[in-house]
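Peer 1: Here you go, sequence then predicted model.
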Amino acid sequence: MIALTNELPALQVVVPLMMAPLVLLLRDARLSWAAAMLASIASFSIAILLLDAWRVGGDLSYAMGGWPPPFGIELYIDAFTLLLLIVTTGASTLALAVSRGSVDAEIPEDRQHLFYTAWLLSLAGMVGIVVAGDAFNIFVFMEVAALASYVLIAGGPQRQALTAVFKYLIMGTIGATFYLIGVGLVYMMTGTLNLADMDTRIQQVVDLKPILVAGGFITVGIALKAAVFPLHVWLPNAYTFAPHAVTVFFAACSTKVALYVLLRFDFSVFQGNLPGHDIQFAGFLMPLAVLAILGGSAVALFERDLKRLLAYSSIAQLGYILLGASLVSATGLTAGIVHMINHALAKSALFVAVACLALRFGNLSLKGIAGAGRRMPLTMAGFVVAGLSLIGVPGTAGFITKWTLVQAALESGGMGIALVAVILIGSLMALVYIGRVVEVAYSGHATSAVVRSEAPGWMLAMLWLPALAGIYYGLQPQVPLELASQAAFSLLKHLP
């Protein structure tokens, strides 16, 4: 058992990666789904076991092939890594469970084994990014996840999915190229790719100009991948035209994995080694975070398509994560990181509700779902509960984020009041655009007679699981706050 525990960091990547070719060979749609689901559940279980191991022994380091870092490939597990692993593998498992009810209507049966193969490769790429301890393997897994993601989004039933994938492909390729250029510059100056070793060797570099340029390339490249405003143009169409289960998966974790890389580099490698980098980091990200919150929410106010409305909402919610990080304080970073969990719960529940609505309503415009509250009361009730968390109503996980973020803003000094105003305005705008959906669903006039026809029971279970988890962690936030605060502490170790 101890030997197996020692191999868990490697198994986190190996399980979905090795299951992918098996799914490809199965060819049967139901067997492919079952194998993918088994691999995803195993990945989630490994993440939970790693959490238990971390609580007992602290941070974990795994040397691939027995070669010690920095000479060999290192997998590194700390609190921040664990948080993203749980979110990513949990979102994959939830979305795969939903897919049984939605994929049959969107993807031909003879191509579903290809779809689930790409799904597992995407999952393997995302968890690989999170556990990789060196910059080059982050790039490798980033490309694995990206290429598989293009396939998943292209599986959408509408022709616009291909246009969305093309835009995503162009932006993703530019982002990966920028990231690789930045990593190459750092390697040129330090002679290492291991992140921990970079931290040590940068301190010995005399001419820091190439490192500063590298920081710019890496930050912009990852910002493209993370859909940081105004580099978000690929995200609305990707979320709107992807299969519904894919949107559930990506909305919960895809951009957060990219933000993980951004924060890991900026705080673990550059902060403390580059003079004034904390001020530059805040000066660059804070205005973008404010614009994301206000701009994303403003567009969502006028959107008439439900999936696109929630996509722009995601851009706004990413702004809260960036706002917390840009404060460069323990409280601010804790707020930003805990929102990765809270937003994943709320947005996965909302997009599961969309998948449920799609089974009974052919049109997902606001006009098309009129009367949904009477036809699908359990689905819309789950939507409302998740929406309350997105708004930040007290008693929900979203409120914990907003409250912690307000505390961090007030600690920041003179600009704190202005930032609090932005947070409150963003929350009010969320109330309005979620309220628009609720009003149409419960008060709108249906185009035909309203007959109660709920989604299948297992899809409702997958909707209410994250929705109720958002309530539970709003009332009992100790566990996510502990993980987030530990992650913030590890990232801020260079700062006084």
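Peer 2: Nice, thanks for sending it over.
Peer 1: Could you look up the SS state of the residue lying closest to residue 188 once chain neighbours are set aside?
Peer 2: Nearest residue to residue 188 in three dimensions, chain neighbours excluded: residue 210, at 6.6 Å (Cβ to Cβ, 6 or more residues apart in numbering). Using the backbone N, CA and C atoms, a C-beta is placed for each residue, glycine as well. Assigned with DSSP: H, G, I helix; E, B strand; the rest coil, residue 210 falls in the helix class.
Peer 1: so residue 350 is in which element?
Peer 2: Element membership for residue 350, per DSSP states H and E: helix 330-360.
Peer 1: any idea which helix or strand comes after that helix?
Peer 2: Defined by DSSP H and E, the subsequent element after helix 330-360 is helix 372-375.
Peer 1: which helices and strands does that following helix pack with?
Peer 2: Applying 3 or more Cβ pairs under 8 Å, 6 or more residues apart in numbering; DSSP states H and E, one finds that helix 372-375 makes contact with helix 330-360, helix 377-391, helix 416-443.
Peer 1: hey, C-alpha coordinates of that helix in PDB?
Peer 2: Presented in PDB, the C-alpha positions along helix 372-375 are these (Å, rounded to 0.1, in the frame of the first residue of the first chain):
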ATOM      1  CA  ALA A 372     -39.000  26.200 -18.200                       C
ATOM      2  CA  GLY A 373     -39.700  26.800 -14.500                       C
ATOM      3  CA  ARG A 374     -43.100  25.100 -14.800                       C
ATOM      4  CA  ARG A 375     -42.000  22.400 -17.200                       C
END
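Peer 1: could you list every residue that touches the most centrally placed residue in the chain?
Peer 2: Centroid-nearest residue in the chain, with Cα atoms, centre = their mean: residue 253, separated by 2.3 Å. Residue 253 sits next to 84, 87-88, 91-92, 126, 344 when contact means Cβ atoms under 8 Å, 6 or more residues apart in numbering.
Peer 1: In JSON lines: those residues, plus distance to residue 411, neighbour count and secondary structure.
Peer 2: As requested, these are arranged in JSON lines below (distance: Cβ to Cβ, whole Å; neighbours: other Cβ atoms under 10 Å; DSSP: H, G, I helix; E, B strand; the rest coil):
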{"residue": "84", "distance to residue 411": "26", "neighbour count": "27", "secondary structure": "helix"}
{"residue": "87", "distance to residue 411": "26", "neighbour count": "24", "secondary structure": "helix"}
{"residue": "88", "distance to residue 411": "30", "neighbour count": "29", "secondary structure": "helix"}
{"residue": "91", "distance to residue 411": "31", "neighbour count": "27", "secondary structure": "helix"}
{"residue": "92", "distance to residue 411": "36", "neighbour count": "28", "secondary structure": "helix"}
{"residue": "126", "distance to residue 411": "33", "neighbour count": "32", "secondary structure": "helix"}
{"residue": "344", "distance to residue 411": "26", "neighbour count": "27", "secondary structure": "helix"}
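Peer 1: Output the residues you listed as a markdown table; include the columns pLDDT and distance to residue 15.
Peer 2: Compiled in a markdown table, the contacts of residue 253 are given as follows (pLDDT from 0 to 100; distance: Cβ to Cβ, whole Å):
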| residue | pLDDT | distance to residue 15 |
| --- | --- | --- |
| 84 | 92 | 17 |
| 87 | 93 | 17 |
| 88 | 93 | 13 |
| 91 | 93 | 16 |
| 92 | 93 | 12 |
| 126 | 93 | 13 |
| 344 | 92 | 21 |
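Peer 1: With distance to residue 178 added, can I get these in CSV?
Peer 2: Output for the contacts of residue 253, formatted as CSV (distance: Cβ to Cβ, whole Å):
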residue, distance to residue 178
84, 22
87, 25
88, 23
91, 26
92, 27
126, 20
344, 26
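Peer 1: ok, of those, which one's closest to residue 460?
Peer 2: When those are compared for distance to residue 460 (Cβ to Cβ), residue 91 wins out at 17.9 Å.
Peer 1: gap between stretch 32-51 and the chain center?
Peer 2: The chain centroid and the centroid of stretch 32-51 are separated by 18 Å under Cα atoms, centre = their mean, to the nearest Å.
Peer 1: contacts for that stretch?
Peer 2: Taking Cβ under 8 Å, 6+ apart as the rule, stretch 32-51 contacts 5, 8-9, 11-12, 15-16, 19, 22-23, 26, 60, 77, 82, 85-86, 89-90, 92-93, 96-97, 99-100, 103, 112-113, 115-117, 119-120, 123, 127.
Peer 1: out of the helices and strands packed on helix 372-375, deepest packed?
Peer 2: Mean neighbour count (mean count of other Cβ atoms under 10 Å) peaks for helix 330-360 among these, with a mean of 27.
Peer 1: I'd like to know which elements that one is packed against.
Peer 2: Using 3+ Cβ pairs under 8 Å, 6+ apart, helix 330-360 is in contact with helix 79-106, helix 244-265, helix 306-326, helix 372-375, helix 377-391, helix 397-411, helix 457-475, helix 478-491.
Peer 1: out of these, nearest to residue 149?
Peer 2: helix 244-265 (7.1 Å).
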